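Colleague: Predicted model follows, preceded by the sequence.
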Amino acid sequence: MSRIDLILAEALELPDDERAQLALRLAESLTPTPAPSAHDAWVGEIARRVERLRDGTAKTVSAQDALSMARAAVAARRA
């Protein structure tokens, strides 16, 4: 039995919440952290979007319309 198989066998004996925590930590260890420049770019984008909402220049849609558009896009992909 390989080392991975042994670790997996032990992990599968954990309660659901502990397995979920383990899975999340493993996934996070594989996901690279965004470069500082990407983080800074997102902070700037969010600030611009908030400002457009505040000054009334942002185009907004209702939650109901957003859901309708999302459902239509999903239906189109399935067709």
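Modeller: Yep, that arrived.

Colleague: So what's the residue count around Ala11?
Modeller: 13 (other CB atoms under 10 Å). Bear in mind the C-beta positions are built from the backbone N, C-alpha and C, glycine included.

Colleague: Look up the closest residue to it, ignoring the ones flanking it.
Modeller: Among residues not flanking Ala11 along the chain, Leu22 sits closest, at 5.8 Å (CB to CB, 6 or more residues apart in numbering).

Colleague: Where does that neighbour sit: helix, strand or coil?
Modeller: When classified by DSSP: H, G, I helix; E, B strand; the rest coil, Leu22 comes out as helix.

Colleague: got a pLDDT number for it?
Modeller: Looking at Leu22, its pLDDT stands at 93.

Colleague: now it: how far from Ala58?
Modeller: 41 Å (CB to CB, to the nearest Å).

Colleague: can you list the weak-confidence ranges in this protein?
Modeller: Applying pLDDT under 70 to the chain flags no residue at all.
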